Structures are given as C-alpha cells and as structure tokens.
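S.K.: Sequence and predicted structure, then a few things I'm wondering about:
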Amino acid sequence: MELEAIPGVGEKTARALRELDDPAATVESGDVAAIARAPGVNEARAARVARGAIRRRHDDASRVLATDRAREVYRGALGLLKERTVTDYAEKRLETFYPSASASRIAEAQAFAAEATKHDPDPAVLDALEGVEPLEDPPTVRVRDRCLATADAEEYARAEARVPELSVETVEDTRDIAELARSYASVIVLDEEFAGMDVEGDVHVRPDALSTPAETVPERLLAFFAENRERLEAAAAVHETVGAADRTGDADGDAAPEPAADLDALRDALSRLDEDGTIVGDAELERLTAAVDDLDTAVSTAESVADDHLREAIRERDVTIEGTDFLSLVEQGARVDSLLDRELADEYDTAMGRAREHLVDALELAPEEVDLAERVFDDDPSFPVERDESTVSRLRTELAAGRDRRAARLKAELAADLGELHGPVEELVRDALELDVELAIARFARDFDCVIPEVRDPDGRDEGDAGDEGVGGADDGSSGGFRIEGGRSPLLDVDFADVEPVDYAVDGVRLLSGVNSGGKTSTLDLVALVVVLAQMGMPVPAEEAALDRFEEVHYYAKSQGTLDAGAFEATLRDFGDLVEGADGRLVLVDELESITEPGASAKIIAGILEALDDQDAVAVFVSHLAREIREAADYDVAVDGIEAVGLVDGELRVNRSPREGHLARSTPELIVEKLADDRGGDFYGDLLEKF
Ligand SMILES: Nc1ncnc2c1ncn2[C@@H]1O[C@H](COP(=O)(O)OP(=O)(O)OP(=O)(O)O)[C@@H](O)[C@H]1O
C-alpha cells in the first residue's frame, strides 16, 4: 500500500511508518499503539493516521463537521466516551471514530458498537484494566560474550542492522575465527564456506543466524518479556476476570472468548525470568552462580577450619624435638613442615580433610567438581595452611564456565518458549486494550440510556427501503431528515437524571419558536449530538432515533450580539455558500437575528429559508422572529414551537418537545396574558390583542 495515499500522511510520516514491522497491516489495523511505535509518531498523530486509513478503505472524503459549533459538539460527544475509558490507549483509539457520510464506514462502526454494548461493564474488569498498557520494545541489550563473524561486506551490514545486540566482526580465514574464539565465549560464523572448519572453542557456523534471532540473541526476547512483565500480567488478569465474571453469570450472555495466549504458559515463562532479563528459579544455575561468587570466602574459611584444628592439636601435644632438628631450626630458619610431617601427620590429614569437606559443603559442589576442589589443599604440610592458588583459579574458571553454559542453555530454552508466546501475547494485550474501548462505549450507552440509531441511505428512500415508520416525510421523495424520540442530551447543564426527554422530527426546513429558556438551543444541541454520534456509528441518547445520512452538518451557534458591517458581510457570504448545493446538508442555526437589526434579520432569514427549501435541505432555525420571518417569506414557512404550558410561581412550565406547525407564544405574551387574567382592566387586554 502507498502510505502517502492515506489522507493526512505526508512524506515524513510515511518514512516513519515504514520503520514499522508491517507498515500497511499496522496502519490498517487501527491499533493506535502499534502505529505510535513508528519513530516520532505520537498517539494523537497515530489516531489521525488510523482515521486516514479508515477513510481510504471506505473511499470516504466526507467532511461532516462543517462549522466550529458542529466540531464542538463532536468534541463533547467524544469527551463523554473518553471519560469512560480506563487506559490511554482506549482514549486515543476512540478518536478513530469520526462522523462519516460513508454508509460502509457507519455500518462498520455501528457493528462494532452494537457488539460493544452487549458487555456488562464489570467493576472488577475495569480495575484489572488499570495496569494494561501497550507493549514496549526495551532498549537494545548489549551482549558481550558472543559475536557474529563474516567475510562478506553486505552480510556484515545486514548483521549490524538486524542484530544490534552483538558485535559483528570481519574475518578472512579460519585463523581470524580462532582469534575471535579466544576473545569471545562464543562465535557465530555467518558464512557457509566456513562449515566443517576445525577451530578450538565455542564456534558455530550458522548461515541462518540473522533470521532466527530467538536462537542468536535469546536475550532480546527475554528483555522484551522482562520489560513488559507487569503489562502482561495485567492483561492476563483482565482475561481471567472477564472469564470469572462470565462463569458467575455477571457478564453478558456470551461466553468469554478464550484468551489469545496460554496464560499458564505465560505465567510459567515469566516465573523463570528476572526483572533484568536473567534466568531465575533454576536451582543448579543458582548453585553455580553462588559457588563462583563465594569461592574465595569458602577457601579462606576452609583454611581457618584447618588452622584451628592444627592449632588445637599442637597446643595439646608435647612435642619431643631432637637436638639436631632443633639446631637446624634455630640456625637455618628451617620450616616446621618436616616437624609437622613427622609428629603430626595424622592431625594434618584430619585438618586437610576438614578443610576440603568445608569447601565442598559450603559451595555445594557436584561430584565432578569435588576432585579439583580437593586439590586446592595439597598434602605438603604447612602451618598456617596454604591454598594452591592455581587450583583455586582453575576451579573458578570451571565453575564459571559451567554457570555460563547452564545460563545459555536455559536462556535458549526460555527464549524458545517465549518465541511461541510472542505473537499471542501481543494479541492478548491488544484484546484487553480493545475491551477497554468496547467497555467505554457500553458504559456510555448505559449511562445515557442509548439506542443504536437507524441511519438510512438518503438515495435509497424513493425505493421504499426507508423502513416502516419513515423519518418525517422521508418516503415522499423530500429531503428526508431526522426523528428523535425521547432524546436526552448528556451535554446539558443539568444532571442527566433531570433532563426531560424531547421528541422532535424534521423532514425539511423549519423555524423553531418558543419561550425564553424553553429549550430551543438545547434542542438544536440534541439534534446535532444525535446526528454526530449516529454518523460516528455510536449509540445515541434517545429511546429511538432514525435519520438520513447527512453529507455535512452546519451548526451555527447564537452570535454574541450585533455584528459590525465587515463581520455581517462575512456571515452573509457564509450563508450564500451554504445555500449553494445544500442537498444532503443538515443546517442548524440559533437566533441568526442577533447579527443585525430585527427588521433586516427577518428578511435575511426568510431569504435563506427560501433558498434552503428550494434545495430540499434539512434545516432548523431557532428564532424569536417567527411571525416576521413568515410574513417576509415567499412561501409558507413551517414553524414548530416549544410551548409554555403556563406560569407556575413565576416560573415557566415548558413542554420541551417542539410542537409541529405551532408558533409558540413568547414569554412577554405569556406575562401580559397572566396580568390580563390576574388584574383585568383594559390596558392588559388591549396589550394582549396586539400579540
Ligand atoms: N430537555 C431539557 N430538560 C431539562 N432541562 C432543560 C431541557 N432543555 C433545556 N433545559 C434547561 O433550560 C435551560 C435553557 O435552555 P435553552 O438555552 O436551550 O433555552 P432557549 O429556548 O434556547 O432559551 P433562549 O430563548 O433564552 O435562547 C437550559 O440551560 C437547561 O437548564
């Protein structure tokens, strides 16, 4: 795949993405964490890349969010979803859901959301998700006791690139290899031509070494698992918790899927691995490691044991010394060895025996090591007892070699096991992270009593596949629209529990009138939110919702006061563009009249409505000037109204659902009416007649 063909991926990002193992598949997978492994690509950019790949797959060039306010509503909706994630991954992954005008994209996202909403978010699973994070590649470990060797310049470059953990050495002949074998514990020769050579040391000819990294550098896998231990344990815990919830019947009806990796095998492998990537839990390796470390101390203690015994023996003994011996001792400084030998031979043997026994016991030496260890103390009598340094050194070398051989074998065995787990654990962690995405959607749907909306193909309406009910006038060939029943916006400034349900269906161009604070703006917000969420493929906060797929959502918030001439002209130009080719657009406009004086506003709004009506657009204009606009318009403008049911204790009681074809009375009218009722008299009565 041409990476540059993905919308939003330039040359620089494409170059970074090419560093990934399988760039095309990774980008397509939508796995934001995997994409973010490309150098210099953070998670936000990774989410954009994933979104671009989705757009490309669906051939989706749509830009549904056409205005700032529409984008704000999207951010609000996304925010509500993101608040319900546990992991950073899920937060970023949710950004790959965008409002689309592509039927296939919406269907794909809806299928995902429909599955997601089947979950019953279990608090124990959410807790378990806390520790899950995308897996990370640890920094390169340098392995110094092993090297790669080749006579080929290209192979050399390949080896350096693929196995940065090892030194790569150039060799010309067997002599060079023999030289390397003296400096490295083990040498891996990459060239076939050296097969069968006779070189001393741990030398292997392995032409496939670069393609079998688990064998060549088992340390790489060990470091990967050591680095990611906590994430892996957390992901395993998530799967187990889901499984447990399933068994106790807490979760949805479906049985939990088998985890992607064998969790017992994973735990077993991790138990053999230390934090720094070394092997643990092997008694023999621990014995050899301790023996090397404790050798000096054990030899010194063994010397003391022998000395103590001899000292005691000498002290308790009367030694008769012949005159000549005494003379030779005094005159020539002769050593007492001969004396010891003659007088205390038995005691000396016992002392040596004890020293050797101590050494063997303290270091827990194996039978094959005992022989050499016993030679540390030779039979030539001396006091104090002296070790044979060269034997100690040989013993150290042998124990260390045994330790290294054992460690290498265990590393290779563990790496082989880990190699098999590598793919599955990547999937295990990804599944856990994806579960967080699904649970966020499930919680959103539950928290806000959502439903999966019906999103219909606007071009298919005339063929009669618009469903039984139809959206407003959808099956009559008009521009379609939306129908919301029991919609409750979670973005309102009141507690969700206090939000009153709103029913509203629109199939063409409407003016929305109503009392102050009746909920007109909130209705526009609800419509925008439902449409945006629906086209993201997400559940919407309503009892029922259906809409025709919109190409663009143009939502204009109320302007903050009258505009100066320049800004007014710019706004008019915006609307000029908007009414051009408005088919497929949803237009939501809040009190456009505030941009200029009321008389001019009514004429301008009437003109815009006429143009939109001609285009069969779907539009809702909130206005307090409904009557004036109707008078200024050349056609019969449809007006809906949010009615006050009455004034109770000075407070308006409102029916939040707009009434179709009804011009709602304004707040001033209602107050005049109340005064006319309460006080009577001509003044209030006359005033009321003017409305
Ligand atoms: N469906 C609802 N349920 C509960 N409260 C609501 C609902 N709709 C609106 N409200 C409350 O009414 C307040 C006013 O709503 P909103 O701003 O939408 O009214 P408006 O008709 O646009 O007012 P104005 O005519 O002053 O612009 C909101 O801030 C909210 O507290």
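M.R.: Everything's here; your move. Residues are numbered from 1 along each chain as shown.

S.K.: Low-confidence stretches in the protein?
M.R.: The chain contains residues with pLDDT under 70 at 1, 245-256, 332-342, 460-480, 650.

S.K.: Close to the ligand: what parts of it are there?
M.R.: 492-494, 498-500, 502, 514, 516-522, 656 (CB under 6 Å from any ligand atom). All C-beta atoms are positioned from the backbone trio N, CA, C, and that covers glycine.

S.K.: Write the ChimeraX selection for whichever of those residues are buried.
M.R.: To isolate the buried ones among those in ChimeraX, judged by 16 or more other CB atoms under 10 Å, type:
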select :492,499,502,514,518,519,520,521,522,656
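
S.K.: Which member of the residues of the chain next to the ligand is positioned nearest residue 674?
M.R.: Checking the residues of the chain next to the ligand against residue 674 with CB to CB, the nearest one is residue 516 at 14.6 Å.

S.K.: My read is that that closest one contacts residue 665, right?
M.R.: No: using CB atoms under 8 Å, residue 516 is not in contact with residue 665, being 11.3 Å away.

S.K.: Among the residues of the chain next to the ligand, name the ones in helices.
M.R.: 520, 521, 522 (DSSP state H).

S.K.: quick one, helices of the stretch 251-400 of the chain?
M.R.: Assigned by DSSP state H, counting those that start in this stretch, the helices in the stretch 251-400 of the chain fall at 263-271, 283-315, 323-332, 337-343, 345-362, 367-374, 389-447.

S.K.: Now tabulate those helices in CSV and tack on distance to residue 595 and mean neighbour count.
M.R.: Shown next, in CSV, are the helices of the stretch 251-400 of the chain (distance: least, CB to CB, whole Å; neighbours: other CB atoms under 10 Å):
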stretch, distance to residue 595, mean neighbour count
helix 263-271, 63, 16
helix 283-315, 80, 17
helix 323-332, 122, 11
helix 337-343, 115, 16
helix 345-362, 93, 17
helix 367-374, 95, 14
helix 389-447, 36, 19
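
S.K.: so can I have CSV of those showing distance to residue 113?
M.R.: What follows is these, written out as CSV (distance: least, CB to CB, whole Å):
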stretch, distance to residue 113
helix 263-271, 29
helix 283-315, 51
helix 323-332, 101
helix 337-343, 92
helix 345-362, 67
helix 367-374, 66
helix 389-447, 5
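
S.K.: Please name whichever of the ones you listed is nearest to residue 45.
M.R.: Across the helices of the stretch 251-400 of the chain, closest to residue 45 is helix 389-447 (CB to CB), at 18.2 Å.

S.K.: Would you map out the domains in the protein?
M.R.: Here the domain parsing of the chain from automatic domain parsing is 118-135+234-252+268-445, 146-216, 482-656.

S.K.: ends of the first one, how far apart?
M.R.: Pointing back at domain 118-135+234-252+268-445 there. Domain 118-135+234-252+268-445 stretches 10 Å from its first residue to its last (CA to CA, to the nearest Å).

S.K.: And the shortest one, by the same measure?
M.R.: The first residue of domain 146-216 is 9 Å away from its last residue (CA to CA).

S.K.: what about the strands in the stretch 451-600 of the chain?
M.R.: 454-456, 482-487, 502-506, 509-514, 544-548, 552-556, 585-590 (DSSP state E, counting those that start in this stretch).
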